[in-house]
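K.L.:
quick one, structure for this:
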Amino acid sequence: VQLQACGGGLVQPGGSLRLSCAASGFAFKYRVMGWFRQAPGKEREGISYINNSDGDTDYADSVKGRFAISRDNAKNTVYLRMNSLKPEDTALYYCNTPGQFPGYVLWAWGQGTQVTVSS
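P.N.:
The predicted model follows:
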């Protein structure tokens with residue numbers, strides 16, 4: 001399994017970015033996908049999820065209304081559109097399939113993509 005996230009970078013507060021994560025090695029279209037992030041000195045947290053069947057989405061309170069998750073099953077890719085970015089959004093961002101229990105994921109973590117929000 002490979003999870004290759006990209007699209008991060010340095011952006012000013014209030015700016016936008018679009019992250020992509022290309023998945024391979026498993027049946028992507030049958031799996032819920034999520035975006036996770038880990039800020040310096042903090043634990044990794046799940047911030048957004050998208051259902052495999054009806055496209056239903058869920059967001060952490062910290063990003064609700066600012067971030068939008070989507071997926072393209074034909075391309076085995078999940079996206080995260082991030083608007084109104086704040087310095088506290090600075091983190092390494094990853095995608096993965098959430099496990100049955102909180103904090104668990106199905107696949108080994110990819111390298112992630114760094115998002116830095118700073119003026």
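
K.L.:
what's the longest strand in the protein?
P.N.:
Longest strand of the chain, by residue count under DSSP state E: strand 17-24.

K.L.:
burial count for residue 118?
P.N.:
Residues lying near residue 118 (other C-beta atoms under 10 Å) number 10. Using the backbone N, CA and C atoms, a C-beta is placed for each residue, glycine as well.

K.L.:
pretty sure it contacts residue 9?
P.N.:
No - using C-beta atoms under 8 Å, residue 118 makes no contact with residue 9, being 11.1 Å away.

K.L.:
what do the two both touch?
P.N.:
Residues touching both residue 118 and residue 9 (C-beta atoms under 8 Å, 6 or more residues apart in numbering): none.

K.L.:
so which residue is dead centre in this protein?
P.N.:
residue 35 (2.3 Å; C-alpha atoms, centre = their mean).

K.L.:
do you know the pLDDT at residue 100?
P.N.:
Residue 100 carries a pLDDT value of 87.

K.L.:
good, we can wrap up now.
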